[in-house]
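Enquirer: Got a predicted structure here, sequence first:
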Amino acid sequence: MVVSLISINVYATSKDGIMIDKLLRTEIEPLNVNELRALNAGKDICIKTIEEDLSNLQNDESFYTVNVDTDDISLMASEKVIDKSLTDSDGSQSVRFDLTSDMTYYKVWIDNTSSRKYNVTITYKTSTGDVIEEFTVDAGKRVTKYYEGKVGLFSSKTRYVNITSTDGSALSGTIAVRIASTLGELQ
């Protein structure tokens, strides 16, 4: 299966609007989400991935913030179902969450503050169930994944995020999961 992707790079900007060559994050999403849904035969699909490099952030005035006019922004109708520290001393931790029949979109956010890469799997039903996706989170990086879940009469609402350090060392960081009725409510 070949899936076309669009990649958007977000760079830091100085106060005078000049782009600085520090890449803050990369957003990757499929060009044709409907085609990806059809090819995936009823399983959850990853709609978007955001990888952030925390080592590029600085606490000085060289970075500039954007003011956003909030008059036309509606409140999110989403629910944060997980917000936990990654603290397992054996280097492996599983976190369970459940979708609902009307909240089938979900966002998984992992912040790796350790000096080791993490292997991550997202599974159905149990921590050892069918794998939805496998990915890695490099040391000092943050990854955000957006999914469209499938919930039906015969499919499970239960999902697990399983995080393991590549060398078995203690985990350090944070995991958060938010569910919603639409993708827009997660962004």
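Expert: Alright, I've got the coordinates.
Enquirer: Could you list the low-pLDDT ranges of this structure?
Expert: 1-50, 52-76, 152-154 (pLDDT under 70).
Enquirer: And the strands in it?
Expert: Listed in chain order, the strands of the chain (DSSP state E) span 5-13, 19-30, 45-53, 78-86, 92-98, 105-112, 118-124, 131-137, 141-148, 158-165, 173-180.
Enquirer: what pairs with the last one, and is each one parallel or antiparallel?
Expert: Each strand that pairs with strand 173-180, with its direction, by DSSP bridges: strand 78-86 (antiparallel), strand 105-112 (antiparallel).
Enquirer: Put together CSV for those, with distance to G173 and mean neighbour count on each row.
Expert: In short, each C-beta sits where N, CA and C put it, glycine included. Shown next, in CSV, are the strands paired with strand 173-180 (distance: least, Cβ to Cβ, whole Å; neighbours: other Cβ atoms under 10 Å):
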stretch, distance to G173, mean neighbour count
strand 78-86, 4, 15
strand 105-112, 5, 22
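Enquirer: Of the ones you listed, which is nearest G129?
Expert: For the strands paired with strand 173-180, proximity to G129 was assessed by Cβ to Cβ; strand 105-112 is nearest, at 15.8 Å.
Enquirer: any residues touching the closest one, and which ones?
Expert: 54, 86, 97, 99, 118, 120, 122, 137-149, 159, 161, 163, 172-183, 185-186 (Cβ atoms under 8 Å, 6 or more residues apart in numbering).
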